[in-house]
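>>> give me a model of this one.
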Amino acid sequence: MERMELDTGYDVYIGCSMSFDSLAEGDKKNLCVIDKGIFEIYGRGIPGEKIIVGPGERAKDISVITEIYDACMEMELGRDDRIAAVGGGAVGDTAGFAASTFKRGVSFINVPTTLLAMIDSCIGGKTAIDYKNIKNQIGTFYDPGAVYICTDFLRTLPAEEIRSAMGEVVKYAVLDRDFYDWLNSNAAGVCTMDGDTVEEMIRRCITIKAEIVAGDKLDKGDRACLNMGHTIGHAVELRYGMSHGLAVAAGIYYESMMAYRMGILSKSQLSAIQDLIAAFGLDTDIPIDEETLALAIHDKKNDSGKIGFILPKVIGSWEKVLLSREELKNLI
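A predicted model of the protein is given here:
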């Protein structure tokens, strides 16, 4: 695997193959939190004790955290030992949270196995679990010791998971004009999952994210742009049980429409964003009802009783807007 030159403070490796021996280090103890589907395919080759978790948001339930803590206690895991995540973004969030809080922090290794986790959540040092059906209500900032991005995992990833990830890819394209141009030019290779094209897409996405995070590690300023599409996105994800990436695509669609109706975004730029969403077959016909709006009220970007949105001004530029619930209803 190749080590990427990123300003993250930890090593990020990428390639089409990896050895699970990377998860073991000398005589240090290793607890691996692994997605059930990944375990069924690769589990025998992964060293150390294992906790197998369900897919998606089920992995982010607080009961999974207590299960990890119990295993750490039983293993007598020390601060020099490690917890490894092998799975999608939910597994990385949960294992990272457990690593950051057990004994005030043990070593953490992240091996993302979904395209969505590879292009987004494995970078940035955020961990989180859900609480009372609200996403990411409890979390920490905690960097991994290393991230291993192995694109070979994508061979066994269902097509729907691939399509879902494109919601976050579109987000990066709306945030970065150069990447928007590249993605438009390489859409065919992405859609056919050409290996070199997909690896280059991953590299570009995480480079964009790493540069943003480096300037705002604790999410107090410009890092907020990474939440574009997420206010509506998280709400519809919870309301309809959608996958995260598809929900973000719907969020970008609706929030771009809001920006246009507010006079922030031009019609031509709105069309460019909508065309990019459509190019990857992402469904945006999602009803926004009262229950969806109620879920948006709990979003972490909210401030002073108003709902926070990251809205595009042009492709490559954005602004944060605070809206009352009534203002939001009128725009949606």
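
>>> out of everything not next to it in sequence, what's closest to the residue sitting nearest the centre point of the chain?
When Cα atoms, centre = their mean is applied to the chain, the residue found nearest the centroid is residue 121 (3.4 Å). Spatially, and ignoring its direct neighbours in sequence, residue 121 is nearest to residue 89 (3.7 Å; Cβ to Cβ, 6 or more residues apart in numbering). Placement of C-beta: from N, CA and C, glycine included.

>>> tell me, how many residues neighbour that neighbour?
27 (other Cβ atoms under 10 Å).

>>> so it touches residue 116, yeah?
Yes: judged on Cβ atoms under 8 Å, residue 89 makes contact with residue 116 at a distance of 5.8 Å.

>>> thinking again about what came up before, ok now do the residue nearest to residue 121, which residues does it touch?
112, 114, 116, 117, 120, 121, 122, 244 (Cβ atoms under 8 Å, 6 or more residues apart in numbering).

>>> out of those residues, which is most surrounded?
Highest neighbour count within these: residue 114, with 31 neighbours (other Cβ under 10 Å).

>>> leaving out chain neighbours, which residue sits closest to that one?
Nearest residue to residue 114 in three dimensions, chain neighbours excluded: residue 88, at 3.9 Å (Cβ to Cβ, 6+ apart).

>>> for that neighbour, what are phi and psi?
According to degrees, to the nearest 10, the main-chain angles of residue 88 amount to phi -80, psi -170.

>>> over to residue 307?
Residue 307 has phi and psi values of phi -90, psi 130 when expressed as degrees, to the nearest 10.

>>> tell me what it is bridged to.
residue 323 (DSSP bridges).

>>> that one: what's it in contact with?
Counted by Cβ under 8 Å, 6+ apart, residue 307 has contacts 231, 296, 297, 299, 301, 322, 323, 324, 325, 328.

>>> what are the boundaries of the helices in this protein?
36-42, 62-75, 89-101, 115-116, 159-175, 177-185, 187-191, 195-214, 230-240, 244-261, 267-279, 290-296, 325-331 (DSSP state H).

>>> switch those helices over to a markdown table; also include mean pLDDT and distance to residue 6.
Formatted as a markdown table, the helices of the chain follow (pLDDT from 0 to 100; distance: least, Cβ to Cβ, whole Å):
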| stretch | mean pLDDT | distance to residue 6 |
| --- | --- | --- |
| helix 36-42 | 93 | 25 |
| helix 62-75 | 97 | 28 |
| helix 89-101 | 97 | 17 |
| helix 115-116 | 96 | 19 |
| helix 159-175 | 96 | 15 |
| helix 177-185 | 97 | 16 |
| helix 187-191 | 95 | 22 |
| helix 195-214 | 97 | 4 |
| helix 230-240 | 93 | 23 |
| helix 244-261 | 96 | 22 |
| helix 267-279 | 97 | 25 |
| helix 290-296 | 88 | 33 |
| helix 325-331 | 88 | 36 |
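
>>> the ones you listed: which one's closest to residue 308?
Closest of these to residue 308 is helix 230-240, at 6.5 Å (criterion: Cβ to Cβ).

>>> and the closest one, what other elements does it pack with?
Counting contacts by 3 or more Cβ pairs under 8 Å, 6 or more residues apart in numbering; DSSP states H and E, helix 230-240 is packed against strand 134-141, helix 244-261, helix 290-296, strand 307-314.

>>> for residue 312, see how far away the residue nearest to residue 114 is.
Per Cβ to Cβ, to the nearest Å, residue 88 is found 27 Å from residue 312.

>>> check residue 257 too.
Counting by Cβ to Cβ - residue 257 and residue 312 are separated by 11 Å.

>>> sorry, back to before: would a markdown table of the contacts of residue 307 with neighbour count and distance to residue 163 be doable?
Formatted as a markdown table, the contacts of residue 307 follow (neighbours: other Cβ atoms under 10 Å; distance: Cβ to Cβ, whole Å):
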| residue | neighbour count | distance to residue 163 |
| --- | --- | --- |
| 231 | 27 | 22 |
| 296 | 26 | 24 |
| 297 | 14 | 29 |
| 299 | 20 | 25 |
| 301 | 18 | 26 |
| 322 | 14 | 32 |
| 323 | 21 | 30 |
| 324 | 11 | 34 |
| 325 | 15 | 32 |
| 328 | 19 | 28 |
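
>>> fine, thanks again, bye for now.
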